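Undergrad: this one's structure only:
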């Protein structure tokens with residue numbers, strides 16, 4: 001297994017890590033429900049799961 005010949009300085013280590021940034025999540029607002037959610041994700045609102053403005057799963061309907 002390879003080992004470093006010299007210790008990496010804190011400055012050099014931190015220069016390498018400057019590109020690792022946290023990004024703010026993009027929030028969308030549904031035109032049907034007005035609920036805020038992440039883009040390209042389904043979300044629950046009042047017992048129903050919505051995706052792209054359409055009901056995908058309805059929890060209130062019993063499956064027989």
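TA: Yep, it's here. For clarity, every value in this text was computed on a predicted model and none was experimentally measured. Numbers count the residues shown, from 1 in each chain.
Undergrad: which residues in the chain form helices?
TA: Using DSSP state H, the helices of the chain run over 10-17.
Undergrad: tell me where it has strands.
TA: 27-29, 36-38, 43-45, 48-51, 54-58 (DSSP state E).
Undergrad: partners of the longest one in the sheet?
TA: Each strand that strand 54-58 pairs with, and the sense of that pairing, follows from DSSP bridges: strand 48-51 (antiparallel).
Undergrad: what does the helix or strand of the chain with the lowest mean pLDDT rub up against?
TA: Every helix and strand of the chain was ranked by mean pLDDT, DSSP states H and E. The lowest is strand 54-58, at a mean of 91. Contact partners of strand 54-58, identified using CB atoms under 8 Å, 6 or more residues apart in numbering, comprise 42, 47, 48, 49, 50. All C-beta spots, glycine's among them, are computed from the backbone N, C-alpha and C.
Undergrad: the first one and residue 35 touch, don't they?
TA: No: Residue 42 lies out of contact with residue 35 (CB atoms under 8 Å); the separation is 11.3 Å.
Undergrad: next, show the common contact partners of these two.
TA: Shared contacts of residue 42 and residue 35 (CB under 8 Å, 6+ apart): residue 50.
Undergrad: which one is residue 28 nearest to, not counting chain neighbours?
TA: What sits nearest to residue 28 in space, not counting adjacent residues and going by CB to CB, 6 or more residues apart in numbering, is residue 39, at 5.0 Å.
Undergrad: tell me the two of the contacts of strand 54-58 that are most distant?
TA: Maximum pairwise distance among these (CB to CB): 13.7 Å, between 42 and 47.
Undergrad: what's the offset of the least confident helix or strand of the chain from the middle of its chain?
TA: 21 Å (CA atoms, centre = their mean, to the nearest Å).
Undergrad: and if you look at stretch 31-47?
TA: That offset, for stretch 31-47, works out to 14 Å (CA atoms, centre = their mean).
Undergrad: tabulate the contacts of strand 54-58 (TSV), appending distance to residue 8, neighbour count and pLDDT.
TA: Shown next, in TSV, are those (distance: CB to CB, whole Å; neighbours: other CB atoms under 10 Å; pLDDT from 0 to 100):
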residue	distance to residue 8	neighbour count	pLDDT
42	44	13	95
47	54	10	91
48	53	16	93
49	48	14	94
50	49	19	95
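Undergrad: thank you, goodbye.
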